[in-house]
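Colleague: have a look at this prediction, sequence included:
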Amino acid sequence: MADDSGAAVVTGWVDSHCHPHLGGGDPGAELDRGRAAGVRAFVVVGTDLATSRVAVDLAGAHPDVFATVGLHPHDADRFAAEWDDLVALAASPKVVAIGEAGFDLHYRNSPVADQERAFRAQVRLAHDLERALVIHSREAWDDTFRVLVDEGVPARTVFHCFTGGPAEAERALDLGAALSFSGIVSFRSADDVRAAAAVCPADRMLVETDSPYLAPVPHRGRPNEPALVGAVGAALAGALGRPVADVAATTAAAARHWLGLPIPA
């Protein structure tokens, strides 16, 4: 496979965190473009009951798509209305993780107390169902780590769209978690994120688009989509001084392990 310039396209990527159902277009077309760009598997992430249902439906319709079910901190004030249905949905086939769950103290779209209640419940659900836990933490490191220590860190825990520096990375790694890197790793201002990647072991490093958000350089200013996960991976490889194909292989293996994806090695 080659791109328009004739250069070889690295294949075998796993987009460990994407929202093709939030981009305003056709999710199936986005997935097809991702496959054409060398993506072998997609983890479609729920953020509330409605989007979690769509994620489960997409996973059921496509053999290379897997789902998460969760309540984003922005939507944590919906906990009372949606939690019982989310618990039931989480038992669906091809749901590999709970979340994204955690704290967002940048926007505070839900009260902090509601965010904590929803996060604790999702950590417990990940334990109960023996599913991975996908964490969203923005400007909330101390609160995030406090709750994880209180509740116990699920055996497979992933900090999605990791935005901390080496100190935060070490704290997450010391708790036994993995880190997933988004297009932020390509941003000129993201020296701390690249430094965090440098201390992350290869077997605990995932790659994601977080589409339709955070399109990587040189695609900033346009909606992101899974087809651009290779650009994220290339930026990560550049920051680490590693071959892109090696990063594709190791991050796919990490996604397979940390998210429990039933895909061939």
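Modeller: Received, thanks. As the structure is a prediction and not an experimental result, all values here were calculated from the model.

Colleague: which stretches of the protein form helices?
Modeller: Under the criterion DSSP state H, the chain contains helices at 27-36, 49-61, 79-90, 112-129, 141-151, 166-174, 191-199, 229-240, 244-258.

Colleague: what packs against the longest one?
Modeller: In this case it means helix 112-129. Other elements packing on helix 112-129 under the criterion 3 or more Cβ pairs under 8 Å, 6 or more residues apart in numbering; DSSP states H and E are helix 79-90, strand 95-104, strand 132-138, helix 141-151. Just so you know, the C-beta spots here come from the backbone N, C-alpha and C atoms, and that holds for glycine as well.

Colleague: correct me if wrong: Val95 contacts Val56.
Modeller: Yes: between Val95 and Val56 there is a contact at 6.4 Å, judged by Cβ atoms under 8 Å.

Colleague: need the residues touching each of the two.
Modeller: 67, 69, 89 (Cβ atoms under 8 Å, 6 or more residues apart in numbering).

Colleague: closest one of the residues you listed to Val232?
Modeller: Ala67 (20.8 Å; Cβ to Cβ).

Colleague: what's the burial count for the closest one?
Modeller: Using other Cβ atoms under 10 Å, Ala67 has 27 other residues around it.

Colleague: contacting residues for it?
Modeller: 43-46, 52, 55-56, 58-59, 92, 94-96 are the contacts of Ala67 under Cβ under 8 Å, 6+ apart.

Colleague: swap in Arg194?
Modeller: With Cβ under 8 Å, 6+ apart, Arg194 has these contacts: 185, 239.

Colleague: now with 10 Å, please.
Modeller: 165-166, 181, 184-187, 235-236, 238-240 (Cβ atoms under 10 Å, 6 or more residues apart in numbering).

Colleague: and it, how far from Gly221?
Modeller: 21 Å (Cβ to Cβ, to the nearest Å).

Colleague: got any ranges where the chain has weak pLDDT?
Modeller: 1-8 (pLDDT under 70).

Colleague: rewinding a little: closest to Ile135 among the contacts of Ala67?
Modeller: Val45 (11.6 Å).

Colleague: contacting residues around the nearest residue to Ala172 once chain neighbours are set aside?
Modeller: If you skip the residues right next to it in sequence, Ala172 has Phe159 as its closest partner in space, 5.3 Å away by Cβ to Cβ, 6 or more residues apart in numbering. Contact partners of Phe159, counting by Cβ under 10 Å, 6+ apart, are 102, 133-137, 141, 144, 168-169, 171-173, 175, 177-181, 196, 204, 206.

Colleague: pick the most buried one from the helices of the chain.
Modeller: helix 229-240 (a mean of 23; mean count of other Cβ atoms under 10 Å).

Colleague: pretty sure Gly99 contacts His136?
Modeller: Yes: using Cβ atoms under 10 Å, Gly99 is in contact with His136, at 7.1 Å.
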